[in-house]
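*Asks:* My questions concern the predicted model and sequence given below.
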There are 2 protein chains.
Amino acid sequence: MKISQRGLEIQESPIRKLKPYADKAIAEGAHVYFINIGQPDIPTPKPGWDAFCDDTEDVLAYGPAQGFLDLRQAIVDYFSDYQISLEADDVLITIGGSEAIHYAFSVVADPGEEIIIPEPFYTNYNGYASGANVDISPLTLDVKDGFRLPPIEIIEARINDKTRAILLCSPSNPTGTVYTSDEIDRVVELVKKHDLFLIADECYKEFVYDGARHKSILEYNDITERAIVVDSISKRFSCCGARIGALITRNPDVYQAALKFAQARLCPPTMEQKAALAAYRMGMDYFKPIKIEYQRRRDVLFEGLQDIPGIVMHKPQGAFYISVELPIKDSEHFVRWMLTDFRLDNETVMVAPAQGFYSTPGKGLDEVRIAYVLKEEDLKRALVVFKAGLKKYQELFL
Amino acid sequence: MKISQRGLEIQESPIRKLKPYADKAIAEGAHVYFINIGQPDIPTPKPGWDAFCDDTEDVLAYGPAQGFLDLRQAIVDYFSDYQISLEADDVLITIGGSEAIHYAFSVVADPGEEIIIPEPFYTNYNGYASGANVDISPLTLDVKDGFRLPPIEIIEARINDKTRAILLCSPSNPTGTVYTSDEIDRVVELVKKHDLFLIADECYKEFVYDGARHKSILEYNDITERAIVVDSISKRFSCCGARIGALITRNPDVYQAALKFAQARLCPPTMEQKAALAAYRMGMDYFKPIKIEYQRRRDVLFEGLQDIPGIVMHKPQGAFYISVELPIKDSEHFVRWMLTDFRLDNETVMVAPAQGFYSTPGKGLDEVRIAYVLKEEDLKRALVVFKAGLKKYQELFL
């Protein structure tokens, strides 16, 4: 039987495809430190858990396609704490940030059209681009300068008559870079000049360190009809399994088109929306200790990596990732080998090979993404194991 | 800003687009009997509710992209009660049956290719076809003969070199028709002859009446690589808001391609999978009283409709819908008028206009779908109000 071309071409998740090797290591009795995936160990807040139990209904019924109004209003209130003014009808609740990406791509582009995305980028953009038959036009960034956006001329050179949008992810997964106002200004200027949409994945909004500030594209009043924000509670409230996100736009045509896609899938999960509502109602104070915790982890990880000979990296200011260049030639081989062959006191480490974060062939072969999603003590031990593994790997293969 | 062509063309849900009129009627103090949508009033089973509270984790974490193994195994066990033998790796947990439709369409067809679907059909197939840029080739059925499948020559005439699959929904939403073995045999013969996939939406598997039996396409051993089943717990366990479904296939290429789409959206909701598992573990006895209840409702509705002059219908044998032809010219206008203008003792009724269940323009204008999802007493009262409204409408507009 012939599978569709898109079914053949859609990328297997580079993060998830190595999972079976980790499962095998665990089955063999080893302990694996998972710093490959953005699955934090921060407890999901209690009000969220409690909301699952607080059922007053007999029937677990469909909700509205756009999500419950009280949750959409809670998100409006949350944004108002960032001095961003929205209406509930600007917020479409999605099944994870993933679905918001899906809708954004489908609404701005038709098959064969292009979206410019700085690479390395969150690997699942690839899946949604394939699913929607949209092409990603990569704007390659460089680890050596901390993955900053290039000058405006370089960005503009990627624009052609098939380009429909530029996507920015800040704080960035997988690099941890937080774009400055100046960097975002360049892109805003270009989307106006070339009549493009600007999609921003702002799922890591809370997680900015060293006094840096996250600037949202919703703060630009001259691109209200162009701005589409992809949002999610997965990291914000450490509840990745809830699958609640949002697409936020002040452009009613974009909203209506996305809503039609949303109607086809009926509604987001009902109980998980209740949990999300309870989490939002905790207010902004919730984030203060969380942010301090992540900043400390970032420092532990960054300092721990510094003495690796040949490593290239910049101190990231946001999210909970760092992308580093290592003195190896094939990071996927290295990651697999760590899982299958390397143990230190019966422990090993899983990081994410970076090739999957690039769409340019051959890029990222010597890079890995590390997520500081474990508590300090575990992260320190993971660093010891990781460095021992890397040393051994270099002796064997380089 | 230019929205994508598919964003413009994707159909607004014909079921959900009239909802604002119902909301307005409620806001004005009227009671609305909702027999337009497949949202049953049967209580969600207690083990399902309890599972939401039974959390033993600190972190609401990502699950596997294909769903939890214990849930997949529970579905295998459920199918074995129907003498259908599956492996856990034939079952991919999806976010509602909706997502299983999405994956099935995306994996069997590329943009511009066709899937043959008997019409009237579940309206959301339209949304997923638009989203995947796949064309639905409708095989028009007739209310006058109870929406039975036509002779094999008529079905075959719809097949061309763009055809990639035939989709059957039995028990059928929106007609309630349960295809006989003989009808399904015709389609099985054609998919073999023309090298096509056979997609079956079997979400209403339990709900067959009068001793009729639902035949699954998984029972055909000569099309194991062609058969793709779309499944859901929404109706099975009266938990539409849970958004848990499954794509079932014994074709590993189809499974792997669908899994790659699934990886892009990370995982189905974690807690709702736990609820689904608890529901499946109740065993088959759970369905006996439910089935008796729906059969009684079917009888109440069918008998109640019989004395409407000019109505054309057949007694449905499955699901919980009936599609009927009424002596009116524009059922969407009628449904809207019922909500905006008609009250009987401050009550009104919402049914679903059938145009949206057809992709052939002009079809279904005099048809509506009625869902017997309310308990007998409410259904009887809804019939009184419906018939009074229809009579008044005919006086005013015909």
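*Replies:* In hand now; what should we look at? Just so we're clear, the structure is a prediction, and the values are computed from it rather than from any experiment.
*Asks:* from here on, contacts and neighbour counts on C-alpha atoms
*Replies:* Noted.
*Asks:* In the stretch 151-300 of chain A, what residue spans correspond to strands?
*Replies:* Counting by DSSP state E, counting those that start in this stretch, the stretch 151-300 of chain A forms strands over residues A:163-169, A:197-201, A:227-232, A:245-249, given from the N-terminal end onward.
*Asks:* Rebuild these as CSV, extending it with mean pLDDT.
*Replies:* Conversion of those to CSV gives the following (pLDDT from 0 to 100):
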stretch, mean pLDDT
strand A:163-169, 98
strand A:197-201, 98
strand A:227-232, 98
strand A:245-249, 98
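*Asks:* Any idea which of the ones you listed gets closest to chain B?
*Replies:* Of all the strands of the stretch 151-300 of chain A, it is strand A:197-201 that lies closest to chain B, at 7.8 Å by CA to the nearest CA.
*Asks:* so what are the domain limits for chain A?
*Replies:* A:5-43+A:286-397, A:46-284 (automatic domain parsing).
*Asks:* ok, back up a step: for the strands of the stretch 151-300 of chain A, which one sits closest to A:Val384?
*Replies:* Proximity of the strands of the stretch 151-300 of chain A to A:Val384 was assessed by CA to CA; the nearest stretch is strand A:163-169, lying at 30.8 Å.
*Asks:* Partner strands of the closest one and their direction?
*Replies:* Using DSSP bridges, strand A:163-169 pairs in its sheet with strand A:114-119 (parallel), strand A:197-201 (parallel).
*Asks:* could you redo the strands of the stretch 151-300 of chain A as a markdown table and give each row distance to B:Gly389 and mean neighbour count?
*Replies:* Putting those into a markdown table (distance: least, CA to CA, whole Å; neighbours: other CA atoms under 10 Å in any protein chain shown) gives the following:
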| stretch | distance to B:Gly389 | mean neighbour count |
| --- | --- | --- |
| strand A:163-169 | 49 | 24 |
| strand A:197-201 | 48 | 26 |
| strand A:227-232 | 44 | 27 |
| strand A:245-249 | 40 | 28 |
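*Asks:* For A:Gln39, which of the ones you listed is the nearest?
*Replies:* Shortest distance between A:Gln39 and the strands of the stretch 151-300 of chain A, using CA to CA, is found for strand A:227-232: 13.5 Å.
*Asks:* what packs against that closest one?
*Replies:* Other helices and strands packing on strand A:227-232, by 3 or more CA pairs under 8 Å, 6 or more residues apart in numbering or on different chains; DSSP states H and E, are helix A:96-108, strand A:197-201, strand A:245-249.
*Asks:* which one of the domains of chain A is the most hemmed in?
*Replies:* domain A:46-284 (a mean of 21; mean count of other CA atoms under 10 Å in any protein chain shown).
*Asks:* how about the domains of chain A, which one is nearest B:Asp50?
*Replies:* If you check each of these against B:Asp50 by CA to CA, domain A:46-284 wins as the nearest, at 7.8 Å.
*Asks:* Determine how far the last residue of that closest one lies from the first.
*Replies:* Domain A:46-284 has an end-to-end distance of 15 Å (CA to CA, to the nearest Å).
*Asks:* chain center to that domain, what's the gap?
*Replies:* How far domain A:46-284 lies from its chain's middle: 10 Å, per CA atoms, centre = their mean, to the nearest Å.
*Asks:* and if you look at stretch A:352-369?
*Replies:* Chain-centre distance of stretch A:352-369: 16 Å, with CA atoms, centre = their mean.
*Asks:* May I have it exported as PDB, CA atoms only?
*Replies:* In PDB, the C-alpha atoms belonging to stretch A:352-369 read as follows (Å, rounded to 0.1, in the frame of the first residue of the first chain):
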ATOM      1  CA  ALA A 352      19.100  15.900  22.600                       C
ATOM      2  CA  PRO A 353      21.100  15.800  19.400                       C
ATOM      3  CA  ALA A 354      20.700  19.100  17.600                       C
ATOM      4  CA  GLN A 355      20.400  18.000  14.000                       C
ATOM      5  CA  GLY A 356      16.700  17.700  14.300                       C
ATOM      6  CA  PHE A 357      16.500  21.400  15.300                       C
ATOM      7  CA  TYR A 358      17.900  22.400  11.900                       C
ATOM      8  CA  SER A 359      16.300  22.100   8.600                       C
ATOM      9  CA  THR A 360      19.500  22.800   6.700                       C
ATOM     10  CA  PRO A 361      21.100  19.400   6.000                       C
ATOM     11  CA  GLY A 362      24.400  18.800   7.800                       C
ATOM     12  CA  LYS A 363      23.800  21.500  10.400                       C
ATOM     13  CA  GLY A 364      24.000  20.800  14.100                       C
ATOM     14  CA  LEU A 365      25.900  17.600  13.800                       C
ATOM     15  CA  ASP A 366      28.300  18.600  16.600                       C
ATOM     16  CA  GLU A 367      25.600  20.300  18.700                       C
ATOM     17  CA  VAL A 368      23.300  19.100  21.500                       C
ATOM     18  CA  ARG A 369      20.500  20.700  23.400                       C
END
